[in-house]
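Asker: coords below, sequence missing:
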């Protein structure tokens, strides 16, 4: 299973099995990187829209301190963002999501649960979020197991963070921020939500 096209076909099959048929897709290519697609899935029953990257998993993520990148071994992932539909212009998130998905190729970042990804600007025009917290995989979209020596493709949920939340997370850690969200009943899918109370 060395053909990236075959791998991405299987990744898309897994996304369709979990989320249904995509109703839109965008393709973004950055200089020196492979093409990244972002698929949009409407979940009318739950009033949600989900965005999933396709292409990030074509190559394994490599420790930036490694002298040589291993073309086979290493974690593989795609990103999934779920938001409440119709409350904001969230379709503008497609390019920022592709930027995040390209970061392992461009910046040598290993994207893993508990980590933060900074955008340097709003997640979409007017969004109160400028970064995301990477959540635990295996919930919404099950891991895609591959044959040895390839590691599974994991589908990592993204949780939008306001600048204050991101700063607080850097000091206190991801678990503490997630506990605060939970304690305050924060709707992390609300594209218009305010930052959670961080004092006290």
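Answerer: Yep, that arrived. Computed from a predicted structure; not experimentally measured.
Asker: show me the contacts for residue 91.
Answerer: 24, 40, 124 (Cβ atoms under 8 Å, 6 or more residues apart in numbering). Just so you know, the C-beta spots here come from the backbone N, C-alpha and C atoms, and that holds for glycine as well.
Asker: Three-state assignment for it, please.
Answerer: Secondary structure assignment for residue 91 (DSSP: H, G, I helix; E, B strand; the rest coil): helix.
Asker: So which residues of this protein form strands?
Answerer: Ranges of strands within the chain are 24-28, 36-43, 48-54, 76-84, 116-118, 131-134, 153-161, based on DSSP state E.
Asker: Which other helices and strands does the shortest one contact?
Answerer: Under the contact criterion of 3 or more Cβ pairs under 8 Å, 6 or more residues apart in numbering; DSSP states H and E, the helices and strands touching strand 116-118 comprise strand 131-134, helix 163-172.
Asker: Run a quick neighbour tally on residue 167.
Answerer: Residue 167: 13 surrounding residues under other Cβ atoms under 10 Å.
Asker: And residue 7, by the same measure?
Answerer: The number of residues near residue 7, taken as other Cβ under 10 Å, comes to 20.
Asker: Drop anything exposed from the contacts of residue 91.
Answerer: The neighbour count (16 or more other Cβ atoms under 10 Å) marks 40, 124 as buried among these.
Asker: any idea how far residue 52 is from the spatially most central residue of the chain?
Answerer: Geometric centre of the chain, nearest residue: residue 79, 2.7 Å, by Cα atoms, centre = their mean. Noted for residue 79: a distance of 7 Å to residue 52, by Cβ to Cβ, to the nearest Å.
Asker: and the strands of the chain, which one's lowest on average pLDDT?
Answerer: Ranked by mean pLDDT, the strands of the chain bottom out at strand 24-28, which scores a mean of 90.
Asker: how much does that one deviate in direction from strand 36-43?
Answerer: 160 degrees (axes from the mean of the first three to the mean of the last three Cα atoms, to 10 degrees).
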